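# Whatever this is, show me its structure:
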Amino acid sequence: MPVSRPRIPISNPILSRIRERLTRRFDSLLENPDGYAQRVRSESGAFPEWDLFPYVFPAVAYTSLAVSDPARVDHSRRQVERLVRLVLPNVIANVSPPGGKLETLAEHGQHAVYLGWLNLALGCLQYLGGGETYAPLHRSLSEGLLRALIAARGRPLRSFPFYSWTFDTIPCLVSLWLYDVHCRGARSAEAIGCHLRWSREQATHPETGLPYSEVDETDGKPRELPRGCDLSFRLCLLAQVDRTYAERLYRNYARAYWVERGWIAGFAEWPHGSSSGWHISSDIDSGPLLQGIGLAATGFGVGTTSAFGDHWRLWRLCVQLATARMLWPRLRPWLEGQGIPLDPDCVTGFLFGDVCLFWAATWRPWTR
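Numbers count the residues shown, from 1 in each chain. Okay, here's the model as predicted:
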């Protein structure tokens, strides 16, 4: 029986309250940048790229806040600069450029995760009028990533020197789009379009019409089904650079991954909330699965539903967020298993969750 969908207003006061609460929280945390970095180390170390995402996600969030309210631009710029200053040593430590200077890198296509996200944060800073302090680094990384993307001829860049996920090229595309915005040109448009054509033609799961999460670098065959934690995140980013393509993917995503379980609803980690087929268990990327619904896919889904004006699903997710404490008894064993403390001051119950939700709850379309 189809679910009855009441008429939902476009304005969403629950989301507004969550957004403001998260903004106040991160404003408070960043009053002491070193203290924030210490909390990240102690509370987020179990998560992938824990030394990267807690800095670049808020940088993107502050940029979106400035887009939605120009009165926030100066404050957002200061916050983004603090976050860039904190994350830069972590990127250098992971990439190990010659002489400890990222400007000396000869190969950018082997480090899409750290270089792509750092460049996106630098692009945010320039977008907000961040001045010349980091402009040379932004230029160097952008030109290097553009060369790598052109050399790849549409195929994804390597996430790390030793493996690659198809998602990890997407932040690089957004960072190059921002670079073009800053330069008032379109130098990257052809390379961005080439990669998106490869995704449509060579890396799309035929049953769902969605991008595979991983393909074999040798023969191009799929190695991982489209995943909810990837797609909820990917589509928000794609909406900034190719809205038409992103909207088509979102329709496919909502059709194949939205799951209603009565007491809870959200985006599944695997097609139709499947419990059979390819890799079906939860992992640190997906977060815990509740009757097939992925915690990460659903949390990022706040941004995804907002990006595509899906007010009914967005409202459903926000109502659940407003009562998130009810899920903490189910969440606590998973967090404790990862060595993550449950923090009642967090909207989601833990710092890394709030980092991700801050990014999702503030989503706005950026313009030229």
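# Report the secondary structure state of Leu327.
Per DSSP: H, G, I helix; E, B strand; the rest coil, the secondary structure class of Leu327 is helix.
# Tell me, how many residues neighbour it?
Neighbour count for Leu327, taken as other CB atoms under 10 Å: 17. The way it works is simple: take the backbone N, C-alpha and C, and place the C-beta from them, glycine included.
# any idea how far Phe350 is from it?
12 Å (CB to CB, to the nearest Å).
# And the contacts of stretch 32-50?
Outside stretch 32-50, the residues that touch it by CB atoms under 8 Å, 6 or more residues apart in numbering are 29-30, 51, 53-55, 82, 85-86, 113-114, 117, 284-285, 338-341, 343, 350-352, 355.
# Do you have the helices of the stretch 51-200 of the chain handy? List them.
With DSSP state H, counting those that start in this stretch as the criterion, the stretch 51-200 of the chain has helices at 53-68, 73-95, 112-127, 135-152, 170-183, 189-202.
# Just give the number of residues close to the residue lying closest to Thr204 once chain neighbours are set aside.
Spatially, and ignoring its direct neighbours in sequence, Thr204 is nearest to Pro211 (5.9 Å; CB to CB, 6 or more residues apart in numbering). Counted with other CB under 10 Å, residues neighbouring Pro211 total 26.
# show me what contacts Pro211?
Neighbouring residues of Pro211 by CB under 8 Å, 6+ apart: 166, 199, 203-205, 226, 230-231, 234, 249.
# Also Tyr253?
Listed by CB under 8 Å, 6+ apart, the contact set of Tyr253 reads 208, 210, 231-232, 235, 267, 304.
# go again using 7 Å as the cut-off
By CB atoms under 7 Å, 6 or more residues apart in numbering, the residues touching Tyr253 are 210, 231, 235.
# surely the first one meets Leu249?
Going back to what we said before, that points to Leu210. Yes - counting by CB atoms under 7 Å, Leu210 does reach Leu249; the two are 6.1 Å apart.
# Have a look at those two and say which one is more surrounded.
Leu210 (28 against 25).
# Disregarding residues adjacent in the polypeptide, which is nearest to that one?
The shortest distance from Leu210 to any non-neighbouring residue, by CB to CB, 6+ apart, is to Pro226 (4.0 Å).
# The one you found - how many residues pack around it?
Residues within reach of Pro226, counting by other CB under 10 Å, total 28.
# Need the three-state assignment for it.
coil.
# Now do Arg7, the pLDDT please.
We have a pLDDT of 56 for Arg7.
# Repeat that for Leu157.
pLDDT for Leu157: 95.
# what does Gly277 give?
As predicted, Gly277 sits at a pLDDT of 41.
# just Gly193 next, same as before
The model reports Gly193 with a pLDDT of 97.
# Pull up the gap between it and Glu336, please.
46 Å.
# who has more neighbours, the two?
Ranked by neighbour count (other CB under 10 Å), Gly193 and Glu336 place Gly193 first, with 15 against 11.
# nearest residue to that one other than its sequence neighbours?
Using CB to CB, 6+ apart and skipping residues adjacent in sequence, the residue nearest Gly193 is Asp242, 7.9 Å away.
# go on, Trp198?
In this structure, Trp198 finds its nearest non-sequential neighbour in Gly154, 3.5 Å apart by CB to CB, 6+ apart.
# Confirm for me that that neighbour is in contact with Arg197.
Yes - between Gly154 and Arg197 there is a contact under CB under 7 Å: 6.2 Å.
# Those two: which is more packed in?
Each of Gly154 and Arg197 has its neighbours counted (other CB under 10 Å); Gly154 has more, 18 against 12.
# Phi, psi for that one please.
Note on Gly154: backbone dihedrals following degrees, to the nearest 10 are phi 100, psi -20.
# what's the answer for Leu210, then?
Dihedral angles of Leu210 (phi, psi; degrees, to the nearest 10) stand at phi -120, psi 160.
# cool, the one 10 residues further on as well?
For Gly220, the backbone dihedrals (degrees, to the nearest 10) come out as phi 80, psi 0.
# pull the CA atoms of the one helix or strand in the chain whose mean pLDDT sits lowest into CSV?
Counting by mean pLDDT, DSSP states H and E, the chain has its least confident helix or strand at helix 328-337, which shows a mean of 80. What follows is helix 328-337, C-alpha atoms only, in CSV (Å, rounded to 0.1, in the frame of the first residue of the first chain):
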residue,chain,number,x,y,z
TRP,A,328,20.7,6.5,20.7
PRO,A,329,20.1,3.1,22.6
ARG,A,330,20.4,1.4,19.2
LEU,A,331,23.4,3.6,18.2
ARG,A,332,25.4,3.3,21.4
PRO,A,333,26.6,-0.3,20.9
TRP,A,334,27.8,0.5,17.4
LEU,A,335,29.6,3.6,18.6
GLU,A,336,31.2,1.8,21.6
GLY,A,337,32.3,-0.9,19.2
